[in-house]
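Q: Sharing a model prediction with you, sequence too.
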Amino acid sequence: MFPFKRNRRLRTSASIRSLVQQTLISPSDFIVPLFVVEGKGVKEEIASMPDYYRYSLDLLKKEVQLLWDMGLKSVLLFVKVPDELKDNKGTEALNNDGLMQRAIKTVKEVAPEMYVMTDVALDPYSSYGHDGIVENQKILNDPTCEVLAQMSISHAQAGADMVAPSDMMDGRILYIREALEEEGFTDKGIMSYSAKYASAFYGPFRDALDSAPGFGDKKTYQMDPANRSEAIKETLMDIDEGADIVMVKPGLCYLDIVRDIKNEVDVPVSVYQVSGEYAMLKAAAEKGWLNHDAVMMEQVTAIKRAGADLIASYFAKDVVKLIS
Ligand SMILES: NCC(=O)CCC(=O)O
Ligand SMILES: [Mg+2]
């Protein structure tokens, strides 16, 4: 075939390279995770996530306006709950005037069209730092699902567009879907963390929310990083139960899973590029060991190329600044 077929012809100039480029990154690829705290005038940098902050509601407004003006159209809300409000059942999660519920309203006040997704899980509210109700050192499945369904209703009532259960209890998508339907919230979506691995890359996030598990680990509910086929089983079950969007989490180390799932399903697939992935690049760039912007773009492009339709990423603003 050579010399008639020379693959380098399509790489000879920037123009032809851009014409044949298969994966393009745009602001609408991203969901922006936001960390919210009580207080006034608070913008606290998270120690293990340079240039990423927790905002009190007044400063959240500015941030949301900025995101909207940048063309970022979706946020995923997380709250840092004061210790004295934590208990085993996540009672505070159901407080209709709780921080999450007020955060949802705040975002909608500033940017009514901003698509608001909310974290649904017990860990930020749990005195044990676990995603479910604890009994005798065990995480109870079905009682937890009931709380998650009530929590979802509370978020929907506050104005959330989509709930994002991140807990990995079996059957919780069905509990949530049925509850939303019963309450008349037929348009509210569910983005299921359907294939969430028990990953060490979540470390900085647990600093951000002070939500590290108080005993044991999350291996009885999150998936074993060694496993591949159960990711498909988990995802197909969640779609059957009523998930509108499914997710693989973390990102980079799990792109084989992303492709497996993309080949199997007909709903949008999201990927969560998690806090540890963010921290690794920030740290290496700070040391001058990696080119931050080039590696960041390579990473998000690889995630999308693998099959992600959406990316939840702490890099969203950095990416949009770079490409616009
Ligand atoms: N439920 C949300 C997370 O666990 C986020 C993890 C991360 O960003 O490390
Ligand atoms: Mg599951």
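A: Happy to help now that I have it. Ligands and ions are numbered 1, 2, ... in the order given.

Q: What segments of the stretch 151-300 of the chain are strands?
A: Remark: strands assigned in the stretch 151-300 of the chain by DSSP state E, counting those that start in this stretch are 162-165, 189-196, 245-249, 269-273.

Q: Export these as TSV, with columns for distance to ligand 1, mean neighbour count and mean pLDDT.
A: For every residue, glycine as well, the C-beta is placed using N, CA and C. Listed next are the strands of the stretch 151-300 of the chain as TSV, based on distance: least, C-beta to the nearest ligand atom, whole Å; neighbours: other C-beta atoms under 10 Å; pLDDT from 0 to 100:
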stretch	distance to ligand 1	mean neighbour count	mean pLDDT
strand 162-165	8	27	98
strand 189-196	7	26	98
strand 245-249	7	26	98
strand 269-273	6	27	98
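
Q: Let's have those strands in a markdown table, adding distance to Pro204.
A: Listed next are the strands of the stretch 151-300 of the chain as a markdown table, based on distance: least, C-beta to C-beta, whole Å:
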| stretch | distance to Pro204 |
| --- | --- |
| strand 162-165 | 19 |
| strand 189-196 | 16 |
| strand 245-249 | 14 |
| strand 269-273 | 12 |
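
Q: What count of nearby residues applies to the residue of the stretch 51-200 of the chain found nearest ligand 1?
A: Residue of the stretch 51-200 of the chain nearest ligand 1, by C-beta to the nearest ligand atom: Ser166 (3.4 Å). When neighbours are defined as other C-beta atoms under 10 Å, Ser166 has 22 of them.

Q: and it, what does it touch?
A: Taking C-beta atoms under 8 Å, 6 or more residues apart in numbering, we find Ser166 in contact with Asp119, Val120, Ala121, Asp131, Tyr193, Lys196, Lys249.

Q: so which pair among the residues you listed is furthest apart in space?
A: Within the contacts of Ser166, Val120 and Lys249 form the most distant pair, 14.3 Å apart (C-beta to C-beta).

Q: Ala279: what's its closest spatial neighbour, skipping adjacent residues?
A: Distances taken as C-beta to C-beta, 6 or more residues apart in numbering place Pro204 nearest to Ala279, at 4.7 Å, with adjacent residues excluded.

Q: Quick one: residues contacting that neighbour.
A: The contact partners of Pro204, taken as C-beta under 8 Å, 6+ apart, are Ile46, Ser48, Met49, Ser275, Gly276, Tyr278, Ala279.

Q: Let's see if you can find the most crowded of those residues.
A: Neighbour max across the contacts of Pro204 (other C-beta under 10 Å) = Tyr278, 26 neighbours.

Q: Surely it touches Phe315?
A: Yes - in this structure Tyr278 lies within contact range of Phe315 using C-beta atoms under 8 Å: 6.5 Å.

Q: Can you name the residues of the stretch 151-300 of the chain that neighbour ligand 1?
A: By C-beta under 6 Å from any ligand atom, the residues of the stretch 151-300 of the chain that approach ligand 1 are Ser166, Phe201, Tyr202, Phe205, Val274, Ser275, Gly276.

Q: okay if I get the residues you listed as TSV plus pLDDT and distance to Met297?
A: Formatted as TSV, those follow (pLDDT from 0 to 100; distance: C-beta to C-beta, whole Å):
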residue	pLDDT	distance to Met297
Ser166	98	27
Phe201	97	20
Tyr202	97	24
Phe205	95	23
Val274	98	18
Ser275	98	19
Gly276	98	19
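
Q: Relative to its centre, which residue of the chain is most distant?
A: If you look at how far each residue of the chain sits from its centre, by C-alpha atoms, centre = their mean, the farthest one is Pro3, at 47.9 Å.

Q: Give me the phi and psi angles of that one.
A: Per-residue torsions, Pro3: phi -100, psi 10 (degrees, to the nearest 10).

Q: Also Asp170?
A: In terms of degrees, to the nearest 10, the main-chain angles of Asp170 are phi -70, psi 140.

Q: Count the neighbours of it for me.
A: Residues lying near Asp170 (other C-beta under 10 Å) number 14.

Q: Also Ala231?
A: 23.

Q: go on, Pro33?
A: Close neighbours of Pro33, defined as other C-beta under 10 Å, add up to 23.

Q: So which of the residues of the stretch 151-300 of the chain next to ligand 1 sit within helices?
A: Those of these mapping onto helices are Phe205, Ser275, Gly276, per DSSP state H.
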